[in-house]
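**Q** model the structure of this input:
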Amino acid sequence: MKHTLIALTALIAPLAAKEPVVPDKSGFHLFNPTPRELMREMSTDRPDVTESAYTVDAGHVQIEWTLAGFTRDGREETLTLGETNFKLGLTNWLDLQIVAPLYTRIRGGAEGFGDLTVRAKVNLWGNDGGPTALAVMPFIKLPSAADSLGNDAVEGGIIIPFAAGLPGEWGFGAMAEVDFLDDATEYIGSVTFSHAIAGELGGYIEFVSVWGEDDWAAYLDLGLTFGIGKDVQLDAGVNIGLNDAAEDISPFVGLSVRF
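**A** Modelled structure (predicted):
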């Protein structure tokens, strides 16, 4: 019997060792930050349209910039510089975000600061491990844009992002969004697939649909990410319109930093 127990222990021990140990991080908050050794892998809401299902660790700051973005739709061209998403971890499952379009210029038209958007991301599960993760993100847009860049209306909506790991070390994300606009309701759906390419270089492909009251726009998005250490990520990509209702093309470059 003794030899049998020893043999069973030898078989079970390696299996048990493979089970990840998830630390209890429920006691960390804005004024009691998560220690760096317990912080999860950096996850950003850019560069793809599909938002991340993971929040910023409690007491930490993450800033995500569109350094430069350009959109062409027919003869209309729009330049965006420095659009910033400032993110603050409030608890282990909640962060606050303020999105500020610092400078937008429409060729031959208006230019200046855009509308502020305030968002909160609530992770429902999977923040610190597991095969899937889900979050809910309510948001509100405040009319702060320069003349002719906004509609002077308060608008809002809700975003539901989902993440999962796939075989072959592929990452999968999906998102459903409802925007309650001043004079209409808009629906956005997306799916994205990501994979490492070489070292810290990764890539993604994404499909996005936008349904309005009278039209439907479809996009194919492609991009690259490059990690520098644990707290810095560079990115570049392009969103390509697939039908007449979609904007023709939108290339961009960006940067994300975590503190």
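**Q** residues touching the most centrally placed residue in the chain, list them.
**A** For the chain, residue 45 is the residue whose C-alpha lies nearest the centre (CA atoms, centre = their mean; 1.6 Å). Counting by CB atoms under 8 Å, 6 or more residues apart in numbering, residue 45 makes contact with 51-52, 64, 85, 87, 97. Heads up, the C-betas are built off the backbone N, CA and C, glycines and all.
**Q** quick check, nearest of the residues you listed to residue 128?
**A** When the contacts of residue 45 are ranked by distance to residue 128 (CB to CB), residue 52 comes first, at 14.0 Å.
**Q** could you find the closest non-adjacent residue to the closest one?
**A** Excluding the flanking residues, the one nearest residue 52 by CB to CB, 6 or more residues apart in numbering is residue 43, at 4.5 Å.
**Q** does that neighbour belong to a helix, a strand or coil?
**A** Classification of residue 43 using DSSP: H, G, I helix; E, B strand; the rest coil returns coil.
**Q** cool, and the one 5 residues further on?
**A** Put simply, residue 48 is coil when judged by three-state DSSP.
**Q** tell me the pLDDT at it?
**A** Model confidence at residue 48, expressed as pLDDT, equals 97.
**Q** next: residue 1.
**A** Note on residue 1: pLDDT of 44.
**Q** kindly report the same for residue 23.
**A** Looking at residue 23, its pLDDT reads 83.
**Q** and it, how far is that from residue 211?
**A** Applying CB to CB, to the nearest Å, the value for residue 23 to residue 211 is 42 Å.
**Q** of all the contacts of residue 45, which comes closest to residue 109?
**A** The closest of the contacts of residue 45, once distances to residue 109 are taken by CB to CB, is residue 85, at 25.0 Å.
**Q** quick check: bridge partners of the nearest residue to that closest one once chain neighbours are set aside?
**A** Of all residues not flanking residue 85 in the chain, residue 64 sits nearest, at 4.3 Å (CB to CB, 6+ apart). As for beta bridges, residue 64 partners with residue 85, residue 256 under DSSP bridges.
**Q** go ahead and confirm residue 64 touches residue 97.
**A** No - Residue 64 is not in contact with residue 97 according to CB atoms under 8 Å; the separation is 9.1 Å.
**Q** who's in contact with residue 49?
**A** Residue 49 neighbours (CB under 8 Å, 6+ apart): 175, 188, 190, 192, 206, 208, 219, 221, 239.
**Q** ugh, wrong one, residue 137
**A** Listed by CB under 8 Å, 6+ apart, the contact set of residue 137 reads 51, 119-122, 158-161.
**Q** partners of it in the sheet?
**A** Under the criterion used (DSSP bridges), residue 137 bridges to residue 159.
**Q** ditto for the one 5 residues further on
**A** According to DSSP bridges, the residues that bridge with residue 142 are residue 116.
**Q** pull the number of nearby residues for it.
**A** 15 (other CB atoms under 10 Å).
**Q** mind listing the strands for the stretch 1-150 of the chain?
**A** Taking DSSP state E, counting those that start in this stretch to define them, one finds strands in the stretch 1-150 of the chain at 61-73, 76-89, 94-100, 103-106, 111-112, 116-125, 132-142.
**Q** nope, the stretch 151-259 of the chain is what I meant
**A** Along the stretch 151-259 of the chain, counting by DSSP E, counting those that start in this stretch, strands occupy 155-166, 170-180, 185-198, 201-211, 216-228, 232-241, 249-258.
**Q** contacts for the fourth one, please.
**A** With CB under 8 Å, 6+ apart as the contact definition, strand 201-211 has outside contacts at 47-50, 186-197, 216-227, 237, 239, 246.
**Q** what pairs with that strand, parallel or antiparallel?
**A** Partners of strand 201-211 in the sheet, by DSSP bridges, are strand 185-198 (antiparallel), strand 216-228 (antiparallel).
**Q** could you give the angle of it to strand 232-241?
**A** Computed by axes from the mean of the first three to the mean of the last three CA atoms, to 10 degrees, the angle separating strand 201-211 from strand 232-241 equals 40 degrees.
**Q** again, but for the second one
**A** Angle of strand 170-180 versus strand 232-241, following the same axes, to 10 degrees, is 60 degrees.
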